[in-house]
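Participant: Fold the following.
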Amino acid sequence: LLYLEKQSKRHFTTTNPIFFSTTKESINNQSPVKSSMMKAEVNRQYGSIHDKGSTLLEKIKLGLIHSKTSSSIRKNVAPNTITAASKKNYNAMDDDHIQSIWNNLTLDDLAPIDAFHTRGKKSTIELASLIIPHSNKPISSAHHVLDVGCGLGGTARYLANEYGCDVVGIDLTTEYIEVGNKLTQLLQLNDKVTMMEANALELPFNNNINDTTSTPMLFDIVWTEHVQMNIEDKVQFYSEISRILQPGGYLLFHDVFLDSNAAHVKDGEKGAEDSLHYPVPWAEDGNFSHLATEEESREFLALAGLEVLQWIDKSEESIAFFEKALQRARLSPPPRQQHHPRLGTHLLMGDNAITKLENHLQNLQEKRTKIGMGIAIKPVKAKL
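Facilitator: Residues are numbered from 1 along each chain as shown. Just a heads-up that it's a prediction; the model follows:
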């Protein structure tokens, strides 16, 4: 709270906020039921992370220890005996050794689970670099960044550590925020990174310092990766982002989109969304998947007052990434056959993680979906 108060004081230069009328009206008329229904659906989709009484934090902790122990013996044992050898090594550890690994956590240790998006950390680095040609400078400690749909906060921690910027992350999943804040604290980045539970359609920030209903704050950069696929109201999503951006601020996005070719694919009486192969990493079925084409998304961004500066198709690179990732995954025992599953995004996707990745790859290969990365700006309003 002190961090948010500090940022609000140093960030506001006006008491005459600009709101998009459609956004303000939709926020004022927003039903609390809509938010609770969305949250319930998120918990249903990712419910596997809470199973069998094991919390996500415990799974990450045990997965990290498993990863470290199995890596240390990988060169000396046959692939089919790694899990057994790792279990023996783990059982031989005392509590102090286990706690020592946890207490000396590093960003690299969490890399397998922190980058829960296509092409992992590499795409995060690429996305951050998109701002340079347009602002003539990289992200820095002078920037205040909002990560919408931050998950466990991996990207927020990377940006804070790499560029020294202050980052606020919001996510709808309660356990992600709780675990993310714990990991941030262990990494001693809690002075730069703040995570909170919030709805992307009702961001808890405003640019009216006299409004006490939410935290006054504007951001220089809004960051979002693989979030809007689950959001049906795209105009509201992008309008909220635009609302809390400084004039001249940037939106950096990396997402899955419906391929314009697939928009015309029909499977019997089913539409384009139902023509996808399910489950996929973001949805078990079409009821929770709300993809838009690039053309539609550009229109949504424009309606929100955001001007696209650059849009890059990353589909082919993503296909190559998933082909290699699946090849590695198929060589490992299924999570239920492992003493403790190694650290990775499969801990977030559940027991059908490989099936989700296979379908995601097939959708890309068949040009039903595509991966896009880009940058948009909130233009500075001309003075009259």
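Participant: Which stretches in the protein count as strands?
Facilitator: Under the criterion DSSP state E, the chain contains strands at 144-148, 166-171, 193-197, 205-206, 215-216, 219-225, 245-258, 307-313, 369-377.
Participant: Just put the ones you listed in a markdown table and tack on distance to L127.
Facilitator: The C-beta positions use only the backbone N, C-alpha and C, and glycine is treated the same way. Shown next, in a markdown table, are those (distance: least, CB to CB, whole Å):
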| stretch | distance to L127 |
| --- | --- |
| strand 144-148 | 11 |
| strand 166-171 | 14 |
| strand 193-197 | 17 |
| strand 205-206 | 22 |
| strand 215-216 | 26 |
| strand 219-225 | 7 |
| strand 245-258 | 5 |
| strand 307-313 | 10 |
| strand 369-377 | 6 |
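Participant: which one of these lies closest to K182?
Facilitator: Closest approach to K182 among the strands of the chain is made by strand 193-197 (9.9 Å; CB to CB).
Participant: Check which residues of the closest one are buried.
Facilitator: V193, T194, M195 (16 or more other CB atoms under 10 Å).
Participant: Compute the distance between the second one and R368, please.
Facilitator: Look at T194 and R368: by CB to CB, to the nearest Å, they are 38 Å apart.
Participant: Equivalent analysis for the last one, please.
Facilitator: For M195, the distance to R368 equals 33 Å [CB to CB].
Participant: Now do the buried residues in stretch 283-291.
Facilitator: Result for stretch 283-291 [16+ other CB under 10 Å]: buried residues A283, E284, G286, F288, S289, H290, L291.
Participant: cool, stretch 300-312 as well?
Facilitator: F300, L301, L303, A304, G305, L306, V308, L309, W311.
Participant: which regions of the stretch 51-200 of the chain sit below the pLDDT cut-off?
Facilitator: Counting by pLDDT under 70, the stretch 51-200 of the chain shows low-confidence ranges at 51-54, 67-95, 97-98, 113-117.
Participant: can I assume P247 is in contact with E307?
Facilitator: No: here P247 lies out of contact with E307, judged by CB atoms under 8 Å, at a distance of 11.9 Å.
Participant: Name the residues contacting each of those two.
Facilitator: Both P247 and E307 are in contact with K378, P379, where contact means CB atoms under 8 Å, 6 or more residues apart in numbering.
Participant: S123 versus the residue nearest to E307 when sequence neighbours are not counted, what's the distance?
Facilitator: Once flanking residues are discounted, E307 sits nearest to I377: 5.3 Å by CB to CB, 6 or more residues apart in numbering. Using CB to CB, we find I377 at a distance of 21 Å from S123.
Participant: These two: which is more packed in?
Facilitator: S123 (22 against 19; other CB atoms under 10 Å).
Participant: I'd say the more buried one and K314 touch.
Facilitator: Yes: assessed by CB under 8 Å, S123 is found in contact with K314 at 7.1 Å.
Participant: who touches both of those two?
Facilitator: Here S123 and K314 have H254, M373 as joint contacts, going by CB under 8 Å, 6+ apart.
Participant: circling back: identify the farthest-apart pair in the buried residues of stretch 283-291.
Facilitator: E284 and L291 (14.7 Å).
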